[in-house]
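*Asks:* got a sequence here, can you model it:
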Amino acid sequence: MHRFILALALAIAMHSLPNASVAEQRLALVIGNGAYAFSPLPNPVNDADSMTQALEQTGFDVTQATDVGLRAFKTAVSNFAQRVRNAGPEAVALFYFAGHGVQINGRNLLLPVDAEFSTATDLQYSSVEAQWVLDLIGESRAQMSVIILDACRNNPFVSSSRSLQSGLARMDAPRGSILAYSTAPGEIALDGNGRNSPYSEALAQQILTPGLKIEEMFKNVRRQVLSTTGEKQVPWESSSLIGDFYFAGAGAGVAASASAGTGSVVAARPLVTAPRTTSVAPGNSFRDCPDCPEMISIPAGSFQMGGEGDERGNGRVPVSLDGFALSRTEVTRAQFARFVQETGRDIEPGCWHWWGVWLFDGGRTWRDPGFPQTDSHPVVCNTYADARAFTDWLTAKSGMRYRLPSEAEWEYAASAGTGKAPWGDNVDLACADANVHDAQGATVGVPLSSSRCDDGYVWTAPVGSFNPNAFGLYDMMGNGWEMVDDCWNSGHQNRPATGASRTSGDCNMRIYKGSNVANFRDSYVPQHRFAGVGAQPGIYGGFRVARDLN
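*Replies:* Numbers count the residues shown, from 1 in each chain. From the prediction side, this is the model:
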């Protein structure tokens, strides 16, 4: 029996609390259903036991129920939501379900052990809708809510009705949430041969690892599952979190509260406001506001810009940079959606894509670029004006000057000052560090020379899905081209030695760095550059943001 995991974190309301701890109460409801008469499952109760033990060790007060029917299922969820509501706005709520789950007409259903399944209609009325659980716990107004659904991906009823579909429908993560599957949507997950499914086993182990933010914890789970399953199963996440959360003990700067259970309790990390007049120490991360992206302080340095792999043979020029900050990841679709919501920016539909020639598709948008994306993916299909408007929005919210990075800043940060990609000169080793045009991607779209490894993604991946570089930055190469602030010039001649953006040249054209999921293998070097029309959005390109430190 194949299985999947869907994890959703809801309603994170994290506030800046410098020099203070956050008092929180951690509450969890864990349900494991395996005793189905129509299709028994061997692992859900074991998975629920493992999750309960792990959660209790990280300070959760856990209520566990197994093999529950419809009435008991709904009662347990309702009572849990009330407990969370009574605990107040500093509560952290976690709901976990292991058992059968199905999709009917785009609705995801969690099955109690007494579910009726003679028809699709019977099943809808005798099951628990995932969205109802999401909404009910979300209404509790907890500081942070996490929902984890561990359900059977291969639908045992799919042959009985056209309304029943294999797997679950994709559920995008709402603002302040994280959505994680044990495998990519539309793919199957494995049960494994042990006491637990590969994903549940990895999840229960990684929750106990000290010092991991929730996103990092899921990345460790993904690596473990890839190893356990021989890369047959690739866990997948969507995230729109606006703050940091640690299950187990975190490092310096993380507020901790007294234990509410048998283990240590570590509160969600407060948002740290960067100094406004002095530099942040190199390597440190910070946020200027709750909606601002996490920034990494990049140290000052000198390097030789350009060279091998640099389009049109630009040669090398010396550049010396002051310290600056760069967003840890590409701007996500969730962050961009927040900007559009708050500003009311009108973005016309239509996006360019490559199919041997450049084609314009009026039906593609940043919300739907023509391939699967969620809120944790890099936003694409935006113009230079859109990106600048986004940085202006961040500047107004934070009181700090946000901008696009210069080409020199981007190239320096991408190589962490070394001039090399993390995989050196062999792009066939890139798949642990970047979402490149790989062996799998070469089978889709226009064939180009590709890396001979397999990174698990044909199109974009959720940001932060691969290893960071030495500066702590994710996805600097691969995933999506990244727009920088410079006007296009075919060479580096007369480039400012300070690494500032070039404001002369062809300013209708903008420079894109980092390559993308559909580019040729020789483009995955920090020096590669591409000229794109700034006013024409494309499905392969997005951006990340920078700001000065002084």
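*Asks:* what's the per-residue pLDDT of residue 284 here?
*Replies:* Residue 284 is assigned 79 on the pLDDT scale.
*Asks:* how about the contacts made by it?
*Replies:* Residues touching residue 284, when contacts are defined by CB atoms under 8 Å, 6 or more residues apart in numbering, comprise 296, 297. Every residue, glycine included, has its C-beta placed from N, CA and C.
*Asks:* now it: how far from residue 324?
*Replies:* Distance of residue 284 to residue 324, computed by CB to CB, to the nearest Å: 13 Å.
*Asks:* mind listing the residues bridging to residue 306?
*Replies:* For residue 306, the beta-bridge assignment (DSSP bridges) gives partners residue 316.
*Asks:* that one: how many residues sit nearby?
*Replies:* Neighbour count for residue 306, taken as other CB atoms under 10 Å: 24.
*Asks:* how about residue 344?
*Replies:* Residue neighbour count, defined by other CB under 10 Å, stands at 6 for residue 344.
*Asks:* distance check, it against residue 389.
*Replies:* Summarising the geometry, the distance separating residue 344 from residue 389, computed by CB to CB, is 11 Å.
*Asks:* and the residue nearest to residue 408 when sequence neighbours are not counted, what does it touch?
*Replies:* Of all residues not flanking residue 408 in the chain, residue 499 sits nearest, at 3.5 Å (CB to CB, 6 or more residues apart in numbering). If a contact means CB under 8 Å, 6+ apart, then residue 499 has 305, 319, 320, 321, 406, 408, 409, 412 as its contacts.
*Asks:* mind checking the SS state of residue 499?
*Replies:* Three states are possible here, and by DSSP: H, G, I helix; E, B strand; the rest coil the one that applies to residue 499 is coil.
*Asks:* equivalent analysis for residue 103, please.
*Replies:* In three-state terms, and counting by three-state DSSP, residue 103 is strand.
*Asks:* bridged to it, which residues?
*Replies:* Beta-bridge partners, per DSSP bridges, of residue 103: residue 108, residue 165.
*Asks:* again with residue 320
*Replies:* Bridge pairing for residue 320 (DSSP bridges) gives the partners residue 302.
*Asks:* cool, and residue 353?
*Replies:* residue 359.
*Asks:* and it, how far from residue 529?
*Replies:* The span separating residue 353 from residue 529 equals 20 Å under the rule CB to CB.
*Asks:* report the two of the contacts of residue 499 separated the most.
*Replies:* With CB to CB as the measure, no two of the contacts of residue 499 lie farther apart than 320 and 406, at 12.8 Å.
*Asks:* out of the two, which sits in the busier spot?
*Replies:* More crowded of residue 320 and residue 406, by other CB under 10 Å: residue 406, with 24 against 13.
*Asks:* follow-up on the earlier one: list just the nearest of the contacts of residue 499 to residue 460.
*Replies:* Proximity of the contacts of residue 499 to residue 460 was ranked by CB to CB; the top entry is residue 409 with 23.1 Å.
*Asks:* how many other residues sit next to the closest one?
*Replies:* 25.
*Asks:* one step back: what pLDDT is listed against the residue nearest to residue 408?
*Replies:* Per the predicted model, pLDDT is 90 at residue 499.
*Asks:* of residue 353 and residue 529, who's got more company?
*Replies:* Neighbours were counted for residue 353 and for residue 529 using other CB under 10 Å; residue 529 has more, 27 against 19.
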